[in-house]
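In: quick one: sequence and predicted model below, then my questions.
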Amino acid sequence: MDIHEYQAKEILRNNGIPVPPGRVTGNPNQAVDIANEYGDKVVVKAQVHSGGRGKAGGVKLAKNSEEVFQAATDIIGMTISGHRVNEVLITPAEDIDTEAYLGILIDRKTQSPVIMVCSEGGVDIEEVAQRNPNSIRKLRIDPRYGLFRHQAYGLARALYRDQDLVKQAVAIIENLYQAFIDSGASMVEINPLISTPTGCVKAIDAKMSIDNNELIKHPEIQNYRDIQAEPRAETMARESGLSYVKLDGNVGCCVNGAGLAMATMDLVKYYGGEPANFLDIGGSSNPQKVVTALKIITSDPNVEVILFNIFGGITRCDDVARGIVEALKEIEIDSPIIIRLTGTNDEKGLEILSAAGMSAFTSMDDVVKKAVSKTLQ
Amino acid sequence: MSILVSTKTRLLVQGITGRDGSFHTSEMMKYGTNVVGGVTPGKGGQSFGGPEDQMVPIFDTMEAAVKETDANTSVVYVPPAFASGAMEEAIDSGVDLVVSITEGVPVLEMSRIHAFARDRKVRILGPNCPGVISPGKAKVGIIPDQIVTQGPVGVISRSGTLTYEAVVNLTREGVGQTTCVGIGGDPLIGTSFIDCLELFKEDEETRVIVMIGEIGGTDEQEAAQWVSQHLEKPVVGFIAGQTAPPGRQMGHAGAIISGSSGTADEKKRCFEENGIRVAARPIDIVDLVRESLNQ
C-alpha cells in the first residue's frame, strides 16, 4: 500500500528525522491560512499516489497569499498519472545547499534490505543511476543483525565531507532504517535529502510503500489508507478479498489466480478483444466472492460480455457455479456470461449451471474466442 | 527420475489438522505420497486419519516429529500469522526441503527466514506456491494430480492456476512430465527458476523444460541468461502480463536497484535472445514442446 508524502513524513518525524513542518488541505482558502502561519515562502505539493509530481506541475513554489491561492486552486483537482489530486501539502520553502538521495527497499536478488545513497539527489536520480551507476552506493543489510553504526557512517561519508553533516546523516540513516523495519515497509525514499546553508540535514520529500502482508500488524498505518484516492470498485474488491484493476476494454474477466488472470487478458487481446479488467477471485472457495465479483464487473458500464475462466484447484468449481447462479438472482445482468469451468469438482459445477439453464466450456482458448466474438458482433 | 520430491520423500505436514491442511494431506496420501506424520501444537499424541484407514501420528513440535519419523521434507499449510514460526521450526528440525504453501507472509519476515535457511543449507520452496508434483511418485502441496502424467517434460512456474493450464494441455496431448514445480509468486522465494533449471539439467529423464513466468522483477531474464550459458536441453517459455497496466511507480528505488522495468515484452525478448522459444498462447506450449522433443 502506498501512503502519501505527508503521512510518510509523519512516520519519519516520529522516528526522529528532521522534517520541515507541514499541513494538508483540500481548500485553497485554508491553504492561504496555513501558509500565513509559516511566513513568506511556501511550497504547495500535490498529495497523490504517483511519482513524477514535480514534472506534472503538481509542486509549486509560492511567495505570497495570491500565489498560494492560485497554486492550490491549480493543483487541487488536477490529474497526475490517472490519479486525481484531492489535497495539497503546504510546507515552508527551504534554502538548499545540496540535494542527496537516500532510499531503502527489499532487494529481490539478495533477499535483503538494501540502503542506497547518492550525493546527486533530485528528480533526475534515475538518469544519474543510468549514466553513472558508480555514483549510487548500495549496501546490503543482513536482516538478522540490522544496520551497524559503521555501515551508517560509511553511507553518510559517501554523501558529505563536513563532519557535522556526516553526524546528522548517520542519525537520519539509522532512524530511517528503524522506521522501515518498524512500519513493515517495502520501500522508503527521501529525495531530496537536503543540506541547508546553515548546516542542517533535512528530509524535504518522502515516499513510502507498506507491504500489504504487514498491514494487519499496523492498524495505525491502515488508517492512512486514502479511500478517496481508490476507485470505489477497487475498495469493494479489496474489502471482499478480491484483487481488481479496471482497464479500458469491454470484456469483463473473472479468473482464479493472478497468473491465469493475466494470461486470460492477454488471450482476449490475442483474439482481437480488449479486457475490461483484471480480476482474481483468489484461492479460497466462496460463492459470495463470486457474487461480489459480478457486482464489481457489472458496475463498469463499458462491459459488454462477462468471461469466467476458472481452473479449480483450491477453488472449487461448484462454489463458483453456485456464486454465478446466486448473483443472477440478486442483480440484473444484461451482458452475456461465457463460462469455462475445469478442475476440482467441475462435474458438480456443470450440473449446477445446467440446472439454471447455462453451460460451460472446458478449454480456455474456446471460451476466450467465444467471449471476444460477442463484442465484435 | 524427478526433482525435489520422489518415492524417497518422507513428508511431515505442518498444520495437518487445519481446514486446508487436512484436506490436502488426504489428497497427498491418496496420490501415494509417503506422509509420515503431522505437526499441530497442542495436538501431539493424536492421529490423523487419511484415506483407506491409514493413520499417521501428530506431534507438538517439528523436533519430536523428525526424531520419531526420520522425515526429510515438510509442507506448511498454517495461516500467515504463524507461517514464519512454522518455517523457522522446520529449518531447525533437520529436514532438507520446506514447501510453504501459505500466502500472505510479510516480506521482511521472509528475508530473515531465507537467510536462516541458507545458513542451515535447507531448501525452501515458496512461499505462496502450489508446491511440487512428480507424476506417479509424490505430490507435496496442492497441484491437482488428475492433470499430470508421467513423461519427459520438466515444468517450472511462478503461478498456480496458470501452471495447471499449461500442464493439463500437455497431458491431454499425451506429453507427460518428470516434475512440475510452482516456485511461488512472492517477491522473495526460496527456490528460483535457476535452482530448478540446475536440478532439471542433472535429471536424465527430463528432455525439455517449460518455464512459465510473469511480469515484474528480473528472475526470468537471469534464468534465460543461465540457460544460454549452461543448458543443452531445449527450453520453452511463456510470459503472462502483456496487457497488464504499467505499475504506478512510487519513487525511484525499484528502478535504481534492478535497472529494469520487468515488462512482458522485455522478458519475452530476453527469452528469445537466449534461445528460448516463446509460446504466444498457453495452448501453443504443447506444439513447441513436441517440436523440441522431436529434435
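Out: Yep, that arrived.

In: excluding sequence neighbours, find me the nearest residue to A:Asp366.
Out: Distance criterion CB to CB, 6 or more residues apart in numbering or on different chains; nearest residue to A:Asp366, sequence neighbours excluded, is A:Arg340 at 7.4 Å. Where C-beta positions appear, they are placed from N, C-alpha and C, glycine not excepted.

In: near chain B, which residues of the stretch 201-350 of chain A are found?
Out: Residues of the stretch 201-350 of chain A that fall close to chain B, judged by CB under 8 Å from any CB of the partner chain: A:207, A:209, A:211, A:213-214, A:216-217, A:245, A:247, A:255-260, A:262-263, A:265-270, A:275, A:278, A:283, A:311-315, A:342-344.

In: restricted to buried residues, select those residues in PyMOL.
Out: Isolation of the buried members of these (16 or more other CB atoms under 10 Å in any protein chain shown) is achieved in PyMOL through the command below:
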select buried, chain A and resi 207+209+211+213+214+245+247+255+256+257+258+259+260+262+263+265+266+267+268+269+270+275+278+283+311+312+313+314+315+342+343+344
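
In: so which of the residues of the stretch 201-350 of chain A next to chain B sit within helices?
Out: Within these, membership in helices is found for A:Ala258, A:Gly259, A:Leu260, A:Met262, A:Ala263, A:Met265, A:Asp266, A:Leu267, A:Val268, A:Lys269, A:Tyr270, as judged by DSSP state H.

In: redo those residues as CSV? Include pLDDT.
Out: Rendered in CSV, the data for these read as follows (pLDDT from 0 to 100):
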residue, pLDDT
A:Ala258, 90
A:Gly259, 92
A:Leu260, 95
A:Met262, 95
A:Ala263, 96
A:Met265, 96
A:Asp266, 96
A:Leu267, 97
A:Val268, 97
A:Lys269, 96
A:Tyr270, 97
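
In: touching, A:His83 and A:Gly51? I think so.
Out: No: assessed by CB atoms under 8 Å, A:His83 is found out of contact with A:Gly51, at 10.8 Å.

In: pick out the residue of the stretch 51-200 of chain B closest to chain A.
Out: Using CB to the nearest CB, B:Ser159 is the residue of the stretch 51-200 of chain B that sits closest to chain A, at 2.5 Å.

In: what's the local residue count around that residue?
Out: 27 (other CB atoms under 10 Å in any protein chain shown).

In: and it, what does it touch?
Out: With contacts defined as CB atoms under 8 Å, 6 or more residues apart in numbering or on different chains, B:Ser159 is in contact with A:Gly257, A:Ala258, A:Gly259, A:Leu260, B:Gly182, B:Gly185, B:Ile212, B:Glu214, B:Ala240.

In: now do A:Ser119
Out: When contacts are counted by CB under 8 Å, 6+ apart, A:Ser119 touches A:Thr98, A:Ala100, A:Ser135, A:Ala158, A:Leu159, A:Tyr160.

In: again with B:Ala138
Out: Contact partners of B:Ala138, counting by CB under 8 Å, 6+ apart, are B:Ser2, B:Val5, B:Ser6, B:Thr7, B:Thr9, B:Leu11, B:Tyr31, B:Gly32, B:Thr33, B:Asn34.

In: how close does it sit to B:Val98?
Out: 15 Å (CB to CB, to the nearest Å).

In: give me the element B:His24 is part of.
Out: helix B:19-30 (DSSP states H and E).

In: for that helix, packing partners?
Out: Packed against helix B:19-30, as judged by 3 or more CB pairs under 8 Å, 6 or more residues apart in numbering or on different chains; DSSP states H and E, are the following elements: strand B:11-14, strand B:35-39, strand B:138-141.

In: where does the chain have low pLDDT?
Out: Went with chain A since none was named. Counting by pLDDT under 70, the low-confidence segments of chain A come to A:284-285.

In: oops, I was thinking of chain B
Out: Flagging of chain B using pLDDT under 70 yields the residue ranges B:246-251, B:258-260.

In: all helices for it, in order.
Out: In chain B, helices defined by DSSP H lie at B:19-30, B:62-69, B:80-93, B:107-120, B:161-172, B:193-202, B:219-230, B:253-258, B:264-273, B:284-294, listed in chain order.

In: on contacts alone, who are the packing partners of the last one?
Out: Right, helix B:284-294. Of the remaining helices and strands, those touching helix B:284-294 by 3+ CB pairs under 8 Å, 6+ apart are strand B:150-157, helix B:161-172, strand B:208-214, strand B:235-240.

In: can you rerun that using 10 Å?
Out: Under the contact criterion of 3 or more CB pairs under 10 Å, 6 or more residues apart in numbering or on different chains; DSSP states H and E, the helices and strands touching helix B:284-294 comprise strand B:150-157, helix B:161-172, strand B:208-214, strand B:235-240, strand B:277-278.

In: which elements pack onto the shortest one?
Out: Yep, that's strand B:277-278 we're talking about. strand B:235-240, helix B:264-273, helix B:284-294.

In: looking at chain A, which residue is nearest chain B?
Out: Distance from chain B to each residue of chain A (CB to the nearest CB) is smallest for A:Gly259, at 2.5 Å.

In: so A:Leu105 sits right up against B:Leu108, yeah?
Out: No: taking contacts as CB atoms under 10 Å, A:Leu105 lies outside contact range of B:Leu108: 11.3 Å.

In: what residues do those two have in common as contacts?
Out: A:Pro113, A:Phe180, A:Ala185, A:Ser186 (CB atoms under 10 Å, 6 or more residues apart in numbering or on different chains).

In: for the residue nearest to the first one when sequence neighbours are not counted, give me its contacts.
Out: Which is A:Pro113. The spatial neighbour of A:Pro113 that comes closest, neighbours along the chain excluded (CB to CB, 6+ apart), is A:Ile141 at 4.6 Å. Contacts for A:Ile141 were tallied using CB under 10 Å, 6+ apart; they are A:104, A:107, A:110, A:112-115, A:147-148, A:151, A:177, A:180-181, B:111.

In: that's a helix at A:Ile306, yeah?
Out: No: assigned with DSSP: H, G, I helix; E, B strand; the rest coil, A:Ile306 falls outside any helix and is strand.

In: contacting residues for it?
Out: In this structure, A:Ile306 makes contact with A:251-254, A:276, A:293-294, A:297-298, A:324, A:333, A:335-339, A:371, A:374, judged by CB under 10 Å, 6+ apart.

In: mind doing that once more with 7 Å?
Out: A:Ile306 makes contacts with A:Gly252, A:Cys254, A:Ile297, A:Ser335, A:Ile337, as judged by CB atoms under 7 Å, 6 or more residues apart in numbering or on different chains.

In: where exactly do the strands run in the stretch 51-200 of chain A?
Out: Ranges of strands in the stretch 51-200 of chain A, per DSSP state E, counting those that start in this stretch, are A:59-62, A:79-80, A:83-84, A:87-92, A:98-107, A:112-118, A:136-140, A:185-195.

In: and those as CSV, adding mean neighbour count?
Out: As requested, these are arranged in CSV below (neighbours: other CB atoms under 10 Å in any protein chain shown):
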stretch, mean neighbour count
strand A:59-62, 18
strand A:79-80, 16
strand A:83-84, 16
strand A:87-92, 24
strand A:98-107, 23
strand A:112-118, 22
strand A:136-140, 16
strand A:185-195, 25
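
In: out of those, nearest to A:Pro20?
Out: Set against A:Pro20 and scored by CB to CB, these come closest in strand A:87-92, at 5.3 Å.

In: sheet partners, orientation included, of the closest one?
Out: Its sheet considered, strand A:87-92 pairs with strand A:23-25 (antiparallel), strand A:42-47 (antiparallel) by DSSP bridges.
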